[in-house]
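Visitor: here is a sequence with its predicted model. Questions after.
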Amino acid sequence: MSAPDRHVLGVVGSLRRGSYNHLLLRHAASAAPERLRIEVVPDLIDLPLFNEDLETDGLPESVVAMHERIRAADGIVLATPEYNFGVPGPVKNFLDWASRPPGRSPLRGKPIALMGASTGRTGGTVQCQGQLRVSLAVLGAHVLPSPPVLVAEAPGKFDADGNVTDEMTRKVTGIALTAFLGLIDTLTPTP
Ligand SMILES: Cc1cc2nc3c(=O)[nH]c(=O)nc-3n(C[C@H](O)[C@H](O)[C@H](O)COP(=O)(O)O)c2cc1C
């Protein structure tokens, strides 16, 4: 057994109790390679709505703490639903806060893995992930290119205890996390 030497933040894009995306992230945390520790953090719910006046008046504590957590982490796993074929408001709010200050965003150069679950029949959050890739590229983050973790028809893929039962979801999540560790090692080699 090797101890984890890479620590990443697990961010959930849904504030809903019983969120499938929270369950998917919980699964990812337990299925991650031994070297990768995923810490699920409550960043989205603690953040105020983005407002430039708050930057002038003094950054809220929750924003400062979130910036510090991102800077200290080796990467981020973001598991989010798709709302109306787009990025849920809390996730966009998180990105807008994390994009600041301009040119010095803590997301700059950060490895990021996206995953998503939806109850819909098609896509499994593919449109949301496409939009996130555009925003994250602008901010200089490095999003894992593939494989995409897209879980459609989520209710049939978890058991009553919230465990992932779908074999393909387990397989793709495992491959993505291994690839993510490889991306982190490539971008930020350890001394
Ligand atoms: C406002 C709203 C918009 C939604 N839009 C979409 C959508 O565009 N595509 C989709 O596949 N599911 C959509 N859904 C259904 C979500 O996939 C479903 O609510 C899912 O459970 C949300 O993720 P969670 O379980 O992590 O909270 C939407 C749900 C809500 C509440």
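Guide: Noted; the coordinates are in hand.

Visitor: now do the same for residue 72: its pLDDT.
Guide: For residue 72, the model assigns a pLDDT of 97.

Visitor: nearest residue to it other than its sequence neighbours?
Guide: Among residues not flanking residue 72 along the chain, residue 7 sits closest, at 7.8 Å (Cβ to Cβ, 6 or more residues apart in numbering). C-betas here are computed from N, CA, C, even on glycine.

Visitor: residue 35 is in contact with that neighbour, correct?
Guide: No. Here residue 7 lies out of contact with residue 35, judged by Cβ atoms under 8 Å, at a distance of 10.0 Å.

Visitor: got the residues of this protein near the ligand?
Guide: For the chain, the residues in contact with the ligand (Cβ under 6 Å from any ligand atom) are 14, 16, 19-21, 81-85, 117-120, 123.

Visitor: let's see 8 Å
Guide: With Cβ under 8 Å from any ligand atom as the criterion, the chain comes near the ligand at residues 12-16, 18-24, 79-86, 88, 117-125, 127-128, 152, 154.

Visitor: one step back: can you list the buried residues in the helix or strand where the residue nearest to residue 72 lies?
Guide: Residue 7 is part of strand 6-12 when elements are defined by DSSP states H and E. For strand 6-12, burial by neighbour count (16 or more other Cβ atoms under 10 Å) applies to 6, 8-12.

Visitor: having no further points to raise, I will conclude here.
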